[in-house]
Structures are given as structure tokens and as C-alpha cells.
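K.L.:
Sequence plus the predicted model coming up.
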Amino acid sequence: MPYDQLTDRVGPLSQENPSGLGIVLIETSWKGNRRPYHKQKLALILSNLRHFALEQAERGVAVEYVFSTEPYRKTLQKLIPRLGPIRVMTPTERELREDLKPLVKEGGLIFVPHEGWLSGEEHLLSKTPPWRMDGFYRSVRRETGFLMKSGKPEGGKFSFDAENRLPWKGDPPAPAKPVFPNDPVKEEVGKVILRKFKDHPGRLDLTALPATGKDAETLWNWAKTECLENFGPYEDAMSTHSSGLFHTRLSALLNIHRLLPGDILEETEGTDLPLSSKEGFIRQVLGWREFVHHVHLRTDGFRRLPGKKTPISKEPGDGGFKMWSGSAWPSSHAEGDPDGGAKPDFLGMDRPLPPAFWGEPSGLACLDHVVSCVWEEGYTHHITRLMILANIATLLDVSPRELTDWFWIAYTDAYDWVVEPNVLGMGTYGVGDLMTTKPYVSGTPYILRMSDYCKGCAFDPGKNCPFSPLYWAFLKRHEETLRGNPRMSVPMASLRRRSEQACERDRHVFRKVGEYLGSGRKISPEDLSQHSRA
């Protein structure tokens, strides 16, 4: 059973007599060391893996728990002669499927359908791109019946996204983050992390880790009582007072199947919540989460794109770790190991990720605050990911692959099937209009309207904030590529009316911000003065 299938409510464990089943669970440092993963992410996986083993043993399942330093295929290869052919629900992560492929070809490993998903590829509505989430979502809603009455969506429309864009001013109060009791298993995992993975980045906080099946239920109950009612209206809001606001923080457990999407959706539908919040949450789980999984599967992790050959990284990327730390991440990659991922780059962006993403002060309050939350928690909600982190990286022409690798490393809920579509596809427009209609970039007004970050910044949003000049400079650099995009017609028309003096100012800000952040230096309003050449 892979690290992301920790459930007995789907698959063979849910259907067959526990006393007649045996499971193999593998804890290998090979996986943990492929990238400089956040300590909190490693602790989350290992503590849940170990607790799941104990929970299954208590049910009467025979558990073989294997410690290894080798890839999964090599570890399992040693077990198959003794255990015989081993079944596994098809892994969701492409990286794991590729690692196990030789054993499948030899017949030692048998893939059976993964029962944790709620939709099929047919819901993409087309065998070829472009694919759109809204059409997919409507199709899945109709088939599953979630929020449908007599064949029509509750409330008269499928999405209430337009109503879910309020900034948060402090009321209603944001919920306190949930905490979970320590236990001997978690404490032992903490020691393992600090011994085996001590050079990995990020803060380790065991009390923030849900590790048991009971913890998973505790988190879900917290989300229902503290978050869901206000989730809809404040879904896009950002604040220095809370890294999550009313977001449920369920994604890390959903992605390892400690919580099942189907169960969560059924309970949500049955609650007495405002429809905008209920629909908004269901859209995230039933819509976007399922959609990106199918897009990733259909494109083989963006290796198969229409009309073009996509470059592939031979080895896993370090997400800018070397540039920040000054030393290369020690590679555990060997011949036969899975590659490091596709490198689509629709806009031709190749700048290295600034050290600010690793905690070096940038001088931009929004970026510095969100990055500090990431390395503190391994988490921030999806709007901060898209409209702060991916936004500034895209405006600076950062390599989509390097940014993707950073997200994969830094977030506890990131796996290839979800992080690559979210960053390569949506955050950076790295695959063009394959799954989104336009680049998701913005200037100062969006950040000012939807957050309180500007209050603590050295830059004045009305005078010298660099985000708007960076936005216009981005449009100018990529004008030829974006000109024919109907979703970009309004900003491109505004760009054409922009004076040459303003455009020169935009280019100056782009050069300066790129220069300072690229070299790990903090930038100030004085540094952006056109009289400054330092």
C-alpha cells in the first residue's frame, strides 16, 4: 500500500476479510531524500504510515512494515519471491507508477483500479485539449447528483464563485489552527526526522500533525464547525492574521486518503450551510481536485502536449535550494529511477527562483509573509499560492519547472498529479491554454483589495509598489504571445494605450526587482528609483 493510500474504506481492504489479508508498507529514505522536502511533510507521511500499520494490525490484517534505503521497486523485488504476486491500487503519483513499472511488466506486481476517485476521464468531455474545469465540473455534478435537484443545480447555477470574493476585515474571527495530541509514534517519527533528515528545510511541529484515523476525524469536525460556514465568501481573502482563514486544511489528508473525498462531499451536502460556501467547497474537491488529476493522467504529466515535444528533467529538481544554500542537494538518483518531470514553458521563462522563496527577506511584505508561513507550517491556502507566490514568480519570468519543484518540496499536500497542474498549468501558464484560459497574474490592486499585506510593507500601494509595473512589463514582454487571447483583450488594449515613458519605467522595475531578488538582496523603494543605478 503506497504512502498515499492509507485507508481501509476503499479497495481490497474494504471488501475482503481482514484476517485473510496481508499488506506491505514501505518506509524508505530513498523517497524522502529525492528532494529537500519540508520536515513537516516527511513527518506527516511517516507518522500516518506507521499509525496506519498499527490500525490495520488491530483489525487483524497481517502487516509487513519494511524499512529501506532503496526505491520501492527494489524493496518489493526482494519480497515477491517469498510473498508471491502483490496487488496494489494503481498509484496516483506518476513518479511511483514509473518506479514500479518493471515489477508490473514482470508480473510480480498487479495494479488494480484505484477506488478513491469520484470521476472518470470521460468527464473531460474531449479526448484532446483544451480542457476546462467548468465543463468538467458540470458533467461530474450531473452524474454524481451532488447539489442537483430534478436535473438542475441547486440555487439555479453550478458555480457561486462570483459571490465568493470578499476581503476579510477581521470579522467573523478566523478559527485557531487545530492541534493534535502527541503520542509515542509521532515522537519517534520526530526523532527520525531530526536524525535522518536533519538537513531538510522547514520547521517541525508535531502538535500540528494529524497522524491517526481519529486525528483525521478531529480535523474534519474542526473544518465543519469552524471553517465551512464562512469558507465561501472569504475563499479568496488573504491576511497576516491567518495562513488559512476559513480554508479547511484537509488537502494533505485527502491526498493520502486518510479522509475520503466521497465521504467529505456527502457530509458537506447534508449540512445546513450557506449554498455559496457549500458549493464553493464541493467545487474544490469534486471539481478542481478531480479535474487536475485527469489532466495530469491524460497528458502523462504534461509530457504529451499537442504539437510539441516537451523537455524532461533527468533528475528531480531542488526548487532553488542550491542557489539559496550555496551547496547542491545530494542526489539519490540512480539509473532506472523516475525522471524529474516535464519542463513545458509556453512563455519562454527561465529565470532561477529567487532565494526569497527560501526565506531570504525580499522587502515585499506579501511575499515575505507567505513564504514565512510556508516554512513554518508547510501550508498556505490556494489563493496565496496562486496570487502571491506564483504571481510574483511569473511576473519575474521564473522557470515554471523550478517553481513547481519548490511547491512540491515545500507543501505538505503536494504530489506530482496535483502540484504540476496547479503550477505548470495554472500558476505559470507553462502549458498555455491547455487547461486554463489565461495567465493568472495581477498587479497591486488585487493584493490591496484582497489582503492586509500592504499595511506592513515599505512600499506604498498607491505610489511605488512594484507589482503593477511588473504586471505591465510582463504583458509587454509577452505581448506577441498573448495578443490573440480573448481573455486578455482588455488588459492588452490598456497596454497599447500605455505611454512609452510608463513602459520604460515598467522595464526598469522589472530589471531592478529581478536583480535584487535574484541575488538574494532585499529591495526598497529607493532601489526602484530611476535615479538609482546601484
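P.N.:
Received, thanks.

K.L.:
all contacts plus neighbour counts: C-alpha atoms, from now on.
P.N.:
Fine.

K.L.:
those strands in the stretch 1-150 of the chain, which residues are they?
P.N.:
22-28, 62-68, 86-89, 109-112, 148-149 (DSSP state E, counting those that start in this stretch).

K.L.:
Throw those strands into CSV and include distance to Ala216, thanks.
P.N.:
Conversion of the strands of the stretch 1-150 of the chain to CSV gives the following (distance: least, C-alpha to C-alpha, whole Å):
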stretch, distance to Ala216
strand 22-28, 20
strand 62-68, 21
strand 86-89, 22
strand 109-112, 26
strand 148-149, 28
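
K.L.:
who wins for proximity to His294 among those?
P.N.:
Ranking the strands of the stretch 1-150 of the chain by proximity to His294 (C-alpha to C-alpha) places strand 86-89 first, at 16.5 Å.

K.L.:
partner strands of that closest one, parallel or antiparallel?
P.N.:
Next to strand 86-89 in the sheet, as set by DSSP bridges, lie strand 109-112 (parallel).

K.L.:
Now do the helices in the stretch 51-200 of the chain.
P.N.:
Along the stretch 51-200 of the chain, the segments classed as helices by DSSP state H, counting those that start in this stretch run 72-77, 80-83, 94-106, 133-144, 184-196.

K.L.:
swap that for the stretch 301-450 of the chain, please
P.N.:
Using DSSP H, counting those that start in this stretch, helices in the stretch 301-450 of the chain cover 321-325, 365-377, 382-384, 391-395, 400-410, 416-420, 444-450.

K.L.:
how about Glu93, what does it touch?
P.N.:
Tyr415, Asp416, Trp417 (C-alpha atoms under 8 Å, 6 or more residues apart in numbering).

K.L.:
Reformat the helices of the stretch 51-200 of the chain as TSV; add mean neighbour count, distance to Arg9 and mean pLDDT.
P.N.:
Output for the helices of the stretch 51-200 of the chain, formatted as TSV (neighbours: other C-alpha atoms under 10 Å; distance: least, C-alpha to C-alpha, whole Å; pLDDT from 0 to 100):
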stretch	mean neighbour count	distance to Arg9	mean pLDDT
helix 72-77	18	24	98
helix 80-83	11	24	97
helix 94-106	17	22	98
helix 133-144	18	19	97
helix 184-196	15	23	98
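
K.L.:
Format those as CSV; extra columns: distance to Leu54.
P.N.:
Formatted as CSV, the helices of the stretch 51-200 of the chain follow (distance: least, C-alpha to C-alpha, whole Å):
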stretch, distance to Leu54
helix 72-77, 20
helix 80-83, 20
helix 94-106, 24
helix 133-144, 34
helix 184-196, 10
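
K.L.:
Point out the one among the ones you listed that comes closest to Ala57.
P.N.:
helix 184-196 (14.9 Å).

K.L.:
residues of the very next helix or strand once past the closest one that come out buried?
P.N.:
Downstream of helix 184-196, the next assigned helix or strand under DSSP states H and E is helix 213-222. Neighbour-count burial for helix 213-222, counted by 16 or more other C-alpha atoms under 10 Å, picks out Gly213, Asp215, Ala216, Thr218, Leu219, Trp220, Trp222.

K.L.:
if we look at the helix or strand Glu279 falls within, which residues are touching it?
P.N.:
Element membership for Glu279 (DSSP H and E) is helix 275-282. Defining contact as C-alpha under 8 Å, 6+ apart, one finds that helix 275-282 is touched by 147, 155, 158-161, 163-164, 228-233, 265, 268-269.

K.L.:
mind giving me the domain split of the chain?
P.N.:
12-112, 129-180+209-298, 304-324+344-528 (automatic domain parsing).

K.L.:
Now render those as CSV, adding distance to Lys186.
P.N.:
What follows is these, written out as CSV (distance: least, C-alpha to C-alpha, whole Å):
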stretch, distance to Lys186
domain 12-112, 6
domain 129-180+209-298, 7
domain 304-324+344-528, 16
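
K.L.:
Just give me how far the lowest-mean-pLDDT helix or strand in the chain sits from the chain centre.
P.N.:
Each helix and strand of the chain was given a mean pLDDT (mean pLDDT, DSSP states H and E); the minimum falls on strand 308-309 at a mean of 86. Centroid displacement of strand 308-309 relative to its chain, using C-alpha atoms, centre = their mean, to the nearest Å, is 25 Å.

K.L.:
hmm, back to that, which one of the helices of the stretch 51-200 of the chain lies closest to Leu124?
P.N.:
For Leu124, the closest of these is helix 133-144, at 5.2 Å, according to C-alpha to C-alpha.

K.L.:
which secondary structure elements does that closest one contact?
P.N.:
helix 290-298 (3 or more C-alpha pairs under 8 Å, 6 or more residues apart in numbering; DSSP states H and E).

K.L.:
and the helix it packs on with helix 94-106, angle?
P.N.:
Angle, helix 290-298 to helix 94-106, by axes from the mean of the first three to the mean of the last three C-alpha atoms, to 10 degrees: 50 degrees.

K.L.:
What mean pLDDT does helix 290-298 get?
P.N.:
Averaged over helix 290-298, pLDDT sits at 98.

K.L.:
Sort out which residues of that helix are buried, please.
P.N.:
Glu290, Phe291, Val292, His293, His294, Val295, His296, Leu297, Arg298.

K.L.:
ok, of these, which one's closest to Asp452?
P.N.:
Val292 (30.3 Å).

K.L.:
Quick one: low-confidence residue ranges for the stretch 351-500 of the chain.
P.N.:
For the stretch 351-500 of the chain, not a single residue meets the criterion pLDDT under 70.

K.L.:
give the contact list for the nearest residue to Phe52 once chain neighbours are set aside.
P.N.:
Counting by C-alpha to C-alpha, 6 or more residues apart in numbering, the nearest residue to Phe52 once its immediate chain neighbours are dropped is Leu6, at 6.4 Å. Contact analysis of Leu6 by C-alpha under 8 Å, 6+ apart lists Asn48, Leu49, Phe52, Ile256, His257, Arg258.

K.L.:
Of the residues you listed, select the buried ones using a ChimeraX command.
P.N.:
Of the contacts of Leu6, the buried ones can be selected in ChimeraX as follows, counting by 16+ other C-alpha under 10 Å:
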select :48,49,52,256,257,258
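
K.L.:
Nearest to Tyr137, out of the contacts of Leu6: which one, please.
P.N.:
Taking the contacts of Leu6 together and measuring to Tyr137 by C-alpha to C-alpha, the closest member is His257, at 21.3 Å.

K.L.:
Quick check: that closest one touching Pro2?
P.N.:
No. The criterion here is C-alpha atoms under 8 Å, and His257 misses it with Pro2 at 10.5 Å.

K.L.:
From the chain's centre, how far out is the helix holding Glu279? Work that out for me.
P.N.:
20 Å.

K.L.:
send the alpha carbons of stretch 414-432 over as CSV?
P.N.:
This file holds the C-alpha atoms of stretch 414-432, laid out as CSV (Å, rounded to 0.1, in the frame of the first residue of the first chain):
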residue,chain,number,x,y,z
ALA,A,414,1.9,18.4,-2.9
TYR,A,415,2.3,15.4,-5.2
ASP,A,416,3.1,15.4,-8.9
TRP,A,417,-0.5,14.9,-10.0
VAL,A,418,-1.7,18.0,-8.2
VAL,A,419,1.3,20.3,-8.0
GLU,A,420,2.2,20.1,-11.7
PRO,A,421,-1.2,21.1,-13.0
ASN,A,422,-1.6,23.8,-10.3
VAL,A,423,1.8,25.4,-11.1
LEU,A,424,2.8,24.4,-14.6
GLY,A,425,-0.8,24.6,-15.8
MET,A,426,-2.4,27.4,-13.8
GLY,A,427,0.1,29.3,-11.8
THR,A,428,2.7,30.0,-14.5
TYR,A,429,0.7,29.3,-17.7
GLY,A,430,3.5,27.0,-18.6
VAL,A,431,1.3,24.8,-20.8
GLY,A,432,-0.6,27.7,-22.4
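
K.L.:
Tell me which of the helices of the stretch 51-200 of the chain lies nearest to Ser499.
P.N.:
Nearest to Ser499 among the helices of the stretch 51-200 of the chain is helix 133-144; the distance by C-alpha to C-alpha comes to 37.1 Å.
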